[in-house]
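> turn this into a structure:
(chains A, B and C)
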Amino acid sequence: MKMRNPPVNSLSLEFLTEMLISLEKLESDKAFHAIIITSDCPGIFSAGLDLTEMCGRDPTHYAEYWKAVQELWLRFYLSHLVVISAINGVSPAGGCLLALSSDYRVLADNPKYAIGLNETLLGIVAPFWFKDTLVNTVGHRVAERALQLGLLFPPAEALRVGVVDQVVPEDQVQSAAQSVLAQWLAVPGHARQLTKTLMRKPTADRLLKERDADIQNFVRFISRDAIQKALRAYLEKLKQKKS
Amino acid sequence: MKMRNPPVNSLSLEFLTEMLISLEKLESDKAFHAIIITSDCPGIFSAGLDLTEMCGRDPTHYAEYWKAVQELWLRFYLSHLVVISAINGVSPAGGCLLALSSDYRVLADNPKYAIGLNETLLGIVAPFWFKDTLVNTVGHRVAERALQLGLLFPPAEALRVGVVDQVVPEDQVQSAAQSVLAQWLAVPGHARQLTKTLMRKPTADRLLKERDADIQNFVRFISRDAIQKALRAYLEKLKQKKS
Amino acid sequence: MKMRNPPVNSLSLEFLTEMLISLEKLESDKAFHAIIITSDCPGIFSAGLDLTEMCGRDPTHYAEYWKAVQELWLRFYLSHLVVISAINGVSPAGGCLLALSSDYRVLADNPKYAIGLNETLLGIVAPFWFKDTLVNTVGHRVAERALQLGLLFPPAEALRVGVVDQVVPEDQVQSAAQSVLAQWLAVPGHARQLTKTLMRKPTADRLLKERDADIQNFVRFISRDAIQKALRAYLEKLKQKKS
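So this is what the prediction gives:
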């Protein structure tokens, strides 16, 4: 699954929907047992959530968008397929979440390819299920510090704290992901899937139990004047940077 | 406590029952404060659950067997005695669980002495309390990967991820376990026992709350044609290997 | 915030009350965003709870004292200020808890400056919220072993297992804490505070839900003859050591 939503693979509503449809197709095709997620945009795995979907729109749009973000996480986190991330670029916030939702993460060894949940730096707060996914990956203490400071980990550090499982030279990311995949596919599929569910369902259930409340929370938070102002300022800065 | 059920210390119903009776005796004797579990079978700590108890029997037998397995874990995991594992051989699946249930694990440095919960490789799934015990020992992420892949860790790796606490030359396993024991026995016993309960009771309570449901689950799962077939094939392979 | 309750910064009821008042003042002053906790007593960060408050008094006093200890933890653990510990001395038991309640821990590299929850060595048991705070910092397995054995970690070991975040030469503790502080203050304050709450509130809520029961537990436990005897013996030993 090569993500291609130039220039930065931001997770727009349209792109999220495409990814969900692709995943559903692969999952219902019994010939497929695994996917490797990687990026077709040079230097960027995914820039994460699309701020333009969260800025200057109406509450109905925010709710629809957030439901799609929840869906993406739920479907990838619980997918019965083996999901390997071949991370060939920077992956902040939602891009990091996507990687954390897979079963194994291979990161290209390029100092620019930082990865992390950096929401606080934009003045926003990662929702509890982003937090749960990070805690499940790196433990409570690393998550607490990383989330408060909005840390983006360069490859060596990401490996050390456990945000990724393997760091390889940039031209070997795809082949390393393929090797790992072979190991995962060698395990009897049914037992592996049940074990994945055993590990992850309690975390997913926490969101499923209060999915609507989580949407309402998001809509209320993102609609605040202060947050809208912060997002506009950030988007403005991004635009100026580009031109 | 030297385990002796040749050739591989498999945890048959009879052997489980013997172990439980021994433990109970030691626990009720106020002169005893600790046990070191080790194996009397060369090269094998314990091969784990006895597949012949889970294959070709009736549901009543499966239920009785599973109840004994639960009892073994509950009694060792919560024992007020200090329990040290001196692991002098390979310890897959139930053998690993036994080691994980003790307070400290010393492993002999022999590349053949791998340790791990490798259930998925046999096409079966570790129950939730095996999973909980592993998560409590190595954290969520290591457990998630190890359980899905059915990983058996060689000594260096087992030490690195925390499956064991110490790796020593093979001829020093018993003396190392004795040294560790001295440290544990130096702590005021009553405070240590209450602290152990504080740490472990919530995990044990999860099983105690749904012990019967867990037995029903096991019986239903193990009685499936596909599982019985997989177990028969595995046992057949073991037999051929021996002859 | 320089702690000064000579000779060992023990957390007497009076000193706890002073600390709480200071914290409250700083929190209500909008000009303040952070505090660094350090000690003004050479060689000791804090000796922890004051055993003289727990020995030879009446139940009402024990209850009042324990409520203040709870309050100290709740207020520091959830403070909206950034709290950095500059640990310039030994910090056993309650002294360690105070450090664990802050957002970041810098420890002076002096082999005498051990840190840990060593309650079992005095024959007492750390309450569940001490345990939760340690588990959140170092994970379940390290906490289980450290609490049962009452381990006090010297600097290198404390860093390795994660009890502290950084170890620096003794004369650089304050400047290192200042540098760290700058990093924490660079994050948008509101988002950082909400994220801290997201991480810590579930742990604090466990105490808040059964605060009275926890006080009753403490009073019952500490009033036991065996415990009072153990504390008197320990205090006697301390007195002889001094003279």
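> find the residue at the geometric middle of chain A.
residue A:98 (2.0 Å; C-alpha atoms, centre = their mean).
> any idea which element residue A:167 lies in?
Here residue A:167 sits within strand A:166-168, counting by DSSP states H and E.
> roughly how far apart are the residue nearest to the centre of chain A and chain C?
Going from residue A:98 to chain C by C-beta to the nearest C-beta, to the nearest Å gives 20 Å. Where C-beta positions appear, they are placed from N, C-alpha and C, glycine not excepted.
> let me see the contact set for that residue.
For residue A:98, the contact set (C-beta atoms under 8 Å, 6 or more residues apart in numbering or on different chains) comprises A:11, A:37, A:45, A:46, A:72, A:76, A:85, A:91.
> please apply the same query to residue A:33.
Applying C-beta under 8 Å, 6+ apart to residue A:33 gives the contacts A:81, A:82, A:185, A:189.
> ok, the third one - contacts?
The reference is to residue A:185. Residue A:185 touches A:33, A:34, A:82, counting by C-beta under 8 Å, 6+ apart.
> how close does it sit to residue A:35?
Here residue A:185 is placed at a distance of 12 Å from residue A:35 (C-beta to C-beta, to the nearest Å).
> and for residue A:56?
From residue A:56 over to residue A:35 (counting by C-beta to C-beta), the distance is 34 Å.
> over to residue A:129?
Separation of residue A:129 from residue A:35 (C-beta to C-beta): 21 Å.
> the strand holding residue A:167 - contacts with which helices or strands?
The contact analysis (3 or more C-beta pairs under 8 Å, 6 or more residues apart in numbering or on different chains; DSSP states H and E) places strand A:166-168 against strand A:104-108, helix A:155-161, helix A:173-185.
> parallel or antiparallel, list what pairs with it.
strand A:104-108 (parallel) (DSSP bridges).
> tell me the spacing between residue A:65 and residue C:195.
Taken as C-beta to C-beta, the span from residue A:65 to residue C:195 is 22 Å.
> just the buried residues of the longest helix anywhere in chain A, please?
Assignment by DSSP state H gives helix A:189-209 as the longest helix of chain A. Within helix A:189-209, the residues scored as buried using 16 or more other C-beta atoms under 10 Å in any protein chain shown are A:189-196, A:198-200, A:203-204, A:207.
> which one of these is nearest residue C:174?
residue A:203 (40.6 Å; C-beta to C-beta).
> residue numbers of chain A in contact with chain B?
A:103-104, A:135-139, A:162, A:165, A:183-184, A:187-188, A:190-192, A:194-196, A:198-200 (C-beta under 8 Å from any C-beta of the partner chain).
> the strands in chain A, which residues?
A:2-3, A:10-11, A:34-39, A:43-44, A:48-49, A:82-87, A:89-92, A:104-108, A:115-116, A:166-168 (DSSP state E).
> remind me what the fifth one packs against, helices and strands.
Which is strand A:48-49. By 3+ C-beta pairs under 8 Å, 6+ apart, strand A:48-49 packs against strand A:10-11, helix A:93-100.
> deepest-packed of the ones you listed, please.
Most buried of those, by mean neighbour count (mean count of other C-beta atoms under 10 Å in any protein chain shown): helix A:93-100, with a mean of 27.
> check the offset of it from the chain's centre.
Distance, stretch centre to chain centre, for helix A:93-100: 2 Å (C-alpha atoms, centre = their mean, to the nearest Å).
> first-to-last residue distance for stretch A:20-34?
Length of stretch A:20-34, first residue to last, C-alpha to C-alpha, to the nearest Å: 15 Å.
> actually stretch A:105-118, not the one I typed
End-to-end distance of stretch A:105-118: 18 Å, with C-alpha to C-alpha as the criterion.
> buried set for it?
A:105, A:106, A:107, A:108, A:109, A:110, A:113, A:114, A:115, A:116, A:117, A:118.
> now swap in stretch A:140-156 and tell me
Within stretch A:140-156, the residues that qualify as buried are A:140-155, counting by 16+ other C-beta under 10 Å.
> residue A:173 reaches residue A:38, doesn't it?
Yes: the criterion here is C-beta atoms under 8 Å, and residue A:173 meets it with residue A:38 at 7.3 Å.
> ok, the two, which is more surrounded?
Neighbours were counted for residue A:173 and for residue A:38 using other C-beta atoms under 10 Å in any protein chain shown; residue A:173 has more, 25 against 20.
> who's in contact with that one?
For residue A:173, the contacting residues are A:38, A:86, A:87, A:88, A:106, A:107, A:108, by C-beta under 8 Å, 6+ apart.
> which pair in these spans the largest distance?
A:38 and A:107 (11.3 Å).
> any idea how far chain B is from residue A:112?
Distance, residue A:112 to chain B, using C-beta to the nearest C-beta: 25 Å.
> right, and that residue touches residue A:44 too?
No: contact criterion C-beta under 8 Å: residue A:112 and residue A:44 do not qualify, at 9.7 Å.
> now for these two: what residues contact both?
residue A:90.
> list the buried residues of stretch A:162-174.
Buried residues in stretch A:162-174 (16+ other C-beta under 10 Å): A:162, A:163, A:164, A:165, A:166, A:167, A:168, A:173.
> show me what the mean pLDDT comes to for that stretch.
For stretch A:162-174, the per-residue pLDDT values average out at 98.
> same check on stretch A:39-51?
94.
> just the CA atoms of that stretch, as CSV, please.
The C-alpha trace of stretch A:39-51 is given here as CSV (Å, rounded to 0.1, in the frame of the first residue of the first chain):
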residue,chain,number,x,y,z
SER,A,39,5.0,6.4,1.1
ASP,A,40,5.3,7.5,-2.5
CYS,A,41,6.0,11.1,-1.5
PRO,A,42,9.8,11.7,-1.1
GLY,A,43,10.9,12.4,2.4
ILE,A,44,7.5,12.2,4.0
PHE,A,45,5.8,9.1,5.3
SER,A,46,2.7,11.0,6.3
ALA,A,47,2.3,14.5,7.7
GLY,A,48,-0.7,13.3,9.7
LEU,A,49,-4.1,14.8,10.0
ASP,A,50,-5.0,17.4,7.5
LEU,A,51,-5.3,20.7,9.4
